[in-house]
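> for reference, the sequence and a predicted model appear below.
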Amino acid sequence: MKILPEISRTLSEYLLIPGLTTEDCTPDNVDLGAPLVRHQVGEESAVRIATPMVSAIMQAVSSPTLAVALAQVGGLSFIHQNQQIEDQAADVLAVKRHKAGFRTSEVTVAPQTPLGEVTRRLSGTEQGVAVVTQSGETDSEFLGIISLDDFHLERHGASETVGHRMRGRDTLVTAEASVTLSEANELIWQHHLDVLPVLEDGRVVSLVLKRDYQAHKTYHRASVDGEKRLRVGAGINSRDFKDRIPALVEAGADVLCLDSSDGYSVYQARTLEFAREEYGDDVFVGAGNVVDGRAFRYLADAGAAFVKVGIGGGAICTTRAQKGIGRGQASALLAVVEARDAYAQETGVYVPLCCDGGLLNDSHMAMALAMGADFIMLGRYFARLDESPSRKLQIGGQWYKEYWGEGSRRAQNAARYGQRGQMVFEEGVDGYVPYAGSLYDNVERTRAKLISTMISCGSTTLRDFHRDAVLVPVSAESFKQTGAEIEVRRPAIDAGE
Ligand code: MZP
């Protein structure tokens, strides 16, 4: 028996100290992009996500609908493995068949569509802008970008040039002659315009809001042979992996993840070995969950594409009470981050870390990223939203969505929680979480908070944030002092909390 000297701490027990905020630290400059799979230090990961949020491998969370929405905002879902192989493969296929696009900014226009039609379609959106391209032989040339109001004025002869004032801005954008797309992009960046044109075969096919540009860029950089498909992941287990992995690969899953509450096992190593032998470096399989450096190294050596950290912290989890196993999420993460960094230094291989479970609010997410997590996995967060597959119902005048753990009787996830192939006792609860609206709104708000935290800490990339974040543990007494000491509060604007 051995007792570790440190106390097991949660993410709530830390705060961030601000760093120097420079002129570079603007919301537009902050890149939340994260590597998803192992890569050589100094090189780029073959799979990156623009928003470092992935959805939990759970029945109540990761359906094709949620996967499409999350991929559209730059994150990734893992379709759950607590179902027949054919059903899971069909879910993956449904996401892969969905045409890629960016929800708020997407205005899809077929080739040869007249400009008038493009404009009509745009006017039904909140874009308030039209993109003008030259018709005829030099279609790939971009002329200018103007507000819809100005466009109508121009059509009625009130304006002579393509350069116009953007709605609500004083910036004059002048594109006197036709310019190439790269020049147009330069112009848009220079003038801080909110949109970017996307051309395909010389035609305008959509507009991308600038705030989605990172997602768009990352998506395009990472998309295979120009094929526009949304990304999706899938859970696997260490029992039927010889059948499940080939079916999911065939369906087009971009990344797989072993789904287990305790990943420090020979079974996970065997599964990783199978994937490596069958597919070499072409199939990425994440592993976990772990809470210390020994387990991290074991899975990293076995070839895990990424390692998931966290045991017992999930909002629906009773593992700590049932089995006495687990570790506070902050302590677990800090120990594994240390091992990950040592591994990178020793071997030259960077294995991304996913912080999984117990991230109850956005500040926990910021804390996990500051501590060194590359991305975060969320169950409760996504279960509350319109796009999750669970039922929405009203209890006492309040709207809720159902949320149940994979270790609950309802989920019957024997591959993850079974004892000798079946569930003898439960490790999860079945309940309700307050309904919180649309995924698009919630993720946008969370992204804004993460960006704001990073700006306060003087970081514009997650790598800088890992390096420069300064954290301090808080005493129980100081934690009670949250700063909001008022008798009656108006309801928060943040409906997601
Ligand atoms: P949370 O985001 O809801 O706090 O936690 C989600 C995570 O809890 C999942 O990704 C998974 O690792 C874990 N989980 C899922 N089911 C159970 C359970 O029934 C559980 N105990 O702990």
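Noted; the coordinates are in hand. Numbering: from 1, shown residues only.
> so where is the stretch 1-150 of the chain shaky, pLDDT-wise?
Using pLDDT under 70 as the threshold, the predicted model of the stretch 1-150 of the chain has low-confidence ranges 99-150.
> ok, now which ones touch whichever residue of it sits closest to the ligand?
Across the stretch 1-150 of the chain, the shortest distance to the ligand (Cβ to the nearest ligand atom) belongs to Ala56, at 3.4 Å. For every residue, glycine as well, the C-beta is placed using N, CA and C. With Cβ atoms under 8 Å, 6 or more residues apart in numbering as the criterion, the residues that contact Ala56 are Ser62, Phe78, Asp356, Gly357, Met377, Leu378, Gly379, Phe382.
> in ChimeraX, how would I select the buried members of those residues?
For selection in ChimeraX, the members of those meeting the burial criterion (16 or more other Cβ atoms under 10 Å) are listed in this command:
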select :62,78,356,357,377,378,379,382
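> tell me which of the contacts of Ala56 fall in helices.
Phe382 (DSSP state H).
> lowest-confidence entry in the contacts of Ala56?
Going through these one by one, the lowest pLDDT turns up at Gly357, 94.
> measure Gly437 to Ser238 for me?
Here the distance between Gly437 and Ser238 works out to 37 Å (Cβ to Cβ, to the nearest Å).
> of these two, which one has the most company?
Set side by side, Gly437 and Ser238 show more neighbours around Ser238, with 21 against 14, by other Cβ atoms under 10 Å.
> which residue packs closest to that one, ignoring adjacent ones?
When the adjacent residues along the chain are set aside, Ser238 lies closest to Tyr267, with 3.8 Å between them (Cβ to Cβ, 6 or more residues apart in numbering).
> tell me which element that neighbour is part of?
Tyr267 belongs to helix 266-279 when assigned by DSSP states H and E.
> now the angle from the helix or strand following that helix to helix 266-279?
Using DSSP H and E, the helix or strand that follows helix 266-279 towards the C-terminus is strand 285-290. Orientation check (axes from the mean of the first three to the mean of the last three Cα atoms, to 10 degrees): strand 285-290 against helix 266-279 gives 170 degrees.
> can you tell me the closest non-neighbouring residue to Ser77?
For Ser77, the nearest residue in space outside its immediate sequence neighbours is Ala67; the separation is 3.6 Å by Cβ to Cβ, 6+ apart.
> can you confirm that neighbour is in a helix?
Yes. According to DSSP: H, G, I helix; E, B strand; the rest coil, the state of Ala67 is that of a helix.
> contacts only, for it.
If a contact means Cβ under 8 Å, 6+ apart, then Ala67 has Ser55, Leu76, Ser77, Ile79, Asp91, Val95, Leu230, Val232 as its contacts.
> at 7 Å what do you get?
With contact taken as Cβ atoms under 7 Å, 6 or more residues apart in numbering, Ala67 is in contact with Ser77, Ile79, Val95, Val232.
> for Phe306, give its distance to the ligand.
Between Phe306 and the ligand the computed distance is 14 Å (Cβ to the nearest ligand atom, to the nearest Å).
> any figure for the gap between that residue and Tyr350?
To Tyr350, Phe306 is 10 Å away according to Cβ to Cβ.
> these two: who's more crowded?
Using other Cβ under 10 Å, the more surrounded residue of Phe306 and Tyr350 is Phe306, with 28 against 23.
> surely the more buried one touches Gly286?
Yes. Counting by Cβ atoms under 7 Å, Phe306 touches Gly286, with 4.2 Å between them.
> so what's the residue count around the residue lying closest to Leu462 once chain neighbours are set aside?
On the basis of Cβ to Cβ, 6+ apart, the spatially nearest residue to Leu462 that is not a chain neighbour turns out to be Ala34, at 5.6 Å. Counted by other Cβ under 10 Å, the residues lying close to Ala34 total 27.
> which residues touch Ala34?
Arg48, Ile49, Pro52, Asp374, Phe375, Leu462.
> also Ala415?
Residues in contact with Ala415, defined by Cβ under 7 Å, 6+ apart, are Gln81, Asn82, Asn237, Arg239.
> check contacts around the residue in the stretch 201-350 of the chain positioned nearest to the ligand.
The shortest separation between the stretch 201-350 of the chain and the ligand is 2.5 Å, found at Gly314 (distances taken as Cβ to the nearest ligand atom). Applying Cβ under 7 Å, 6+ apart, we find Gly314 in contact with Gly357, Gly358, Gly379, Gly405.
> I'd say the second one and Gly313 touch.
Yes. Taking contact to mean Cβ under 7 Å, the distance of 3.0 Å between Gly358 and Gly313 places them in contact.
> rewinding a little: please convert the contacts of Gly314 to TSV, extending it with distance to the ligand.
Supplementary listing: the contacts of Gly314 in TSV, determined by distance: Cβ to the nearest ligand atom, whole Å:
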residue	distance to the ligand
Gly357	4
Gly358	5
Gly379	3
Gly405	2
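> hmm, back to that, find residues that contact each of Gly358 and Gly313.
Taking Cβ under 7 Å, 6+ apart as the contact rule, Gly358 and Gly313 both touch Gln329.
> if we can go back for a sec, pull up the overlap in contacts between Phe306 and Tyr350.
Contact criterion Cβ under 7 Å, 6+ apart; residues shared by Phe306 and Tyr350: Arg38.
> returning to what we had before: which parts of the helix holding Tyr267 are buried?
For helix 266-279, burial by neighbour count (16+ other Cβ under 10 Å) applies to Gln268, Ala269, Thr271, Leu272, Ala275.
> and for stretch 248-264?
For stretch 248-264, the buried set under the neighbour-count rule, 16+ other Cβ under 10 Å, comprises 248-249, 251-264.
> and if you look at stretch 324-343?
Within stretch 324-343, the residues that qualify as buried by neighbour count (16+ other Cβ under 10 Å) are 326-337, 339-340, 343.
> what mean pLDDT does it have?
97.
> who's in contact with that stretch?
By Cβ under 7 Å, 6+ apart, the list of residues contacting stretch 324-343 reads 6, 8-11, 13-14, 290-293, 296-297, 300, 307, 309-313, 319-320, 349, 351, 353, 355, 357-358, 368, 371-373.
> of those, buried ones?
Among the contacts of stretch 324-343, those classed as buried by 16+ other Cβ under 10 Å are 8-11, 13-14, 290-293, 296-297, 300, 307, 309-313, 319-320, 351, 353, 355, 357-358, 368, 371-373.
> out of these, which are inside helices?
Cross-referencing those against helices under DSSP H gives Gly293, Phe296, Arg297, Ala300, Thr319, Arg320, Ala368, Met371.
> farthest pair within these?
Every pair in those was compared (Cβ to Cβ); the two farthest apart turn out to be Ala300 and Arg320, at 25.4 Å.
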